[in-house]
Structures are given as C-alpha cells and as structure tokens.
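K.L.:
here is my input; please provide its structure:
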Amino acid sequence: MSGVPCPICQTSSAECGGIVHNKPAMVAGVEIDLGDARFEMHSCPSCGLQFKHPFIPESQLIACYEQASGDHWEDSPDPYKRRFDDIERVINTHANGPKVLDIGCSNGALLGYMGQSWERSGIEPGQQAAQHAEQRGVRIIAPMLEQCETDERFDIILAIDVLEHLLDPSDFIERVRRLLTERGIFVGFTGDTDARSWKWHGSRYWYASLPEHQVFYNRATIDQLAQTHGFEVVHYERTSHARFKSTRRVRDNLRGAIWGLMMRLGMHKHASPPGWLPAKDHMLFAIKLR
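P.N.:
Numbers count the residues shown, from 1 in each chain. Got it, this is the predicted structure:
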C-alpha cells in the first residue's frame, strides 16, 4: 500500500519491501502475538524516514516491557564495548550544565558509568529495570515521556536505542524540546538506513526484523527533525552498535554479504535475516536548541 503518510512530515510514502519478523516474535524476552498481519517497509521521499506499516500497537510493546525480567538486559555491560565512552565524549563536548535525563534508561548502566558528577534522572517503563537504576543512584521521574509532568528542565537529554521504537518521532522531539534548558542538547543513538549493510539487505535488514523497531532514520531525517523543532545538528557520526573482535566482524560481514546475495537471487523469501551486529549501521548524533 503506497500513499501512507510519513509520521514526521506527512509526505506520501512508497513501499520498499516486506519485513520478516523473527519467530517466535519476542520483545524484551517476552513473546508477542503479531497474528497474521503482513508488514511492509515504507520510505518517505522527503525526509528519508523508513517505517513499518502497519505499526505494531504501542500498548502491546509496553505490556512486554512491563513484563520483562530485570535480568533480560545485561546488568553491567562492558562500557567500552557498548560505546559509553563515545556517548560521554559527545555529551562532554556540547553540554552546558550537569543535569541529564536518560529516556529509556533501562537499568541505569549508562548513567552509572557517567558518575556522580552529573545530576542523573531517568524515564523507564520496566519496573524491575527502573528499580535497578534507582539502586545505581538514578532518580526515576516517570515510566514514559508522555507521563512526565515535571516543570524541571535538563541540560542534556539522552535517547539511546529508543528512537526506533517511536510511533510519532515529531511529538517525541517536541516533548524533549520542552524539557531542555536554553541551549540544551539532545543526544540520540539509533539505526542509520544509509549504512551499506542496510542498503544491501533493504527492508529485510535484521534491525527491522525486531518487532519493537518501527521507525528508521538517516542523516536527512535528523536534519528535518532538528530544523522543524528549533534545533541545530552539532554532531553526527556513523558507527556500529557495539565494538566487536575482528573475528566477529569478518564472520558477520561475510555471512551478511552472502545472505544478501542469496536474497537478491530469490532465496530466503520467508526466512528472518541474520544479525549483522558489527556493521556500521548506527548513528550517534547531537542536536542543540538554537
């Protein structure tokens, strides 16, 4: 179905291929029933956003997060592997104050890594994860951004591995803007559809096979969101989601290249794609209020 409006700029989108979810479909370690729905990837010719159609209802996804076990996410991830140092570098370069809010802070591992020199707050829907974050010294102010009614303002707002979950990215960025101090910054980390690996697999890319991932960005999309909501882009880099050993990079690159070739030859029509975790298929960016 073409003509579905883009969630960001309302431009009529075009279909760009089918999506195959993993079976059984899982979200945060909890099985989710997707029924017999057929999911297609749509692409906006104006802002570059790609998105699933139809969207998986947010209520279903939130129910999975609320049921998720506290040990589903790694308790103490390797900060170097997970690029916490890169995120902190961007924060240190552009922040104008110590008050930081992490939207979707999970168990508070990133904020814990940043240390007590920051005034650390978080938003997290998972009850066990939120409790663990509080044990790390993180002040949880709401389960969801939409439920955050504070008059407090923050110098830095983070959304790490969050933006791909949104059904209305424009509303999200507007809410972020209202919570920022003057010249505050927003730092995001999410997938990048301009990555070569993504282009090779197209709509069948592993990142889109996860049910909770619903919208997908590139640099043009971030530029559009920034301009519309009164921000300027002050940092953008394409990177991998995590650092891996060279042997893992070689293995995944070879497997991904071969799988993509076989897909283009008409094979793997109904199979979910392999993971390609070492690929440079993510972006780390920062936008600052003008």
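
K.L.:
rest of the way, CA atoms for contacts and neighbours
P.N.:
Fine.

K.L.:
show me the helices in the stretch 101-250 of the chain, by range?
P.N.:
109-114, 127-135, 169-179, 196-201, 219-228, 246-264 (DSSP state H, counting those that start in this stretch).

K.L.:
now render the ones you listed as JSON lines, adding mean pLDDT, mean neighbour count and distance to residue 85.
P.N.:
Output for those, formatted as JSON lines (pLDDT from 0 to 100; neighbours: other Cα atoms under 10 Å; distance: least, Cα to Cα, whole Å):
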{"stretch": "helix 109-114", "mean pLDDT": "96", "mean neighbour count": "20", "distance to residue 85": "9"}
{"stretch": "helix 127-135", "mean pLDDT": "92", "mean neighbour count": "20", "distance to residue 85": "19"}
{"stretch": "helix 169-179", "mean pLDDT": "98", "mean neighbour count": "17", "distance to residue 85": "23"}
{"stretch": "helix 196-201", "mean pLDDT": "96", "mean neighbour count": "18", "distance to residue 85": "24"}
{"stretch": "helix 219-228", "mean pLDDT": "98", "mean neighbour count": "18", "distance to residue 85": "22"}
{"stretch": "helix 246-264", "mean pLDDT": "96", "mean neighbour count": "15", "distance to residue 85": "20"}
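
K.L.:
could I get those helices in TSV, plus columns for distance to residue 40?
P.N.:
Formatted as TSV, the helices of the stretch 101-250 of the chain follow (distance: least, Cα to Cα, whole Å):
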stretch	distance to residue 40
helix 109-114	34
helix 127-135	32
helix 169-179	19
helix 196-201	14
helix 219-228	20
helix 246-264	16
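
K.L.:
and those helices: which comes nearest residue 8?
P.N.:
Between residue 8 and those, the tightest spacing by Cα to Cα is seen for helix 169-179, at 5.6 Å.

K.L.:
what residues does that closest one touch?
P.N.:
Defining contact as Cα atoms under 8 Å, 6 or more residues apart in numbering, one finds that helix 169-179 is touched by 7-8, 145-146, 151-154, 157, 163, 166, 186, 225, 229, 289.

K.L.:
tilt between that helix and helix 219-228?
P.N.:
50 degrees (axes from the mean of the first three to the mean of the last three Cα atoms, to 10 degrees).

K.L.:
put the alpha carbons of helix 169-179 into CSV.
P.N.:
Taking C-alpha atoms only, helix 169-179 is exported to CSV below (Å, rounded to 0.1, in the frame of the first residue of the first chain):
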residue,chain,number,x,y,z
PRO,A,169,9.0,11.0,16.3
SER,A,170,7.9,14.6,15.9
ASP,A,171,5.8,14.6,19.1
PHE,A,172,8.7,13.0,20.9
ILE,A,173,11.2,15.6,19.8
GLU,A,174,8.8,18.4,20.7
ARG,A,175,8.4,17.0,24.2
VAL,A,176,12.1,16.8,24.5
ARG,A,177,12.4,20.4,23.5
ARG,A,178,10.1,21.5,26.2
LEU,A,179,12.2,19.7,28.9
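
K.L.:
so how far is that helix off the chain centroid?
P.N.:
Mean-position distance between helix 169-179 and its chain equals 15 Å (Cα atoms, centre = their mean, to the nearest Å).
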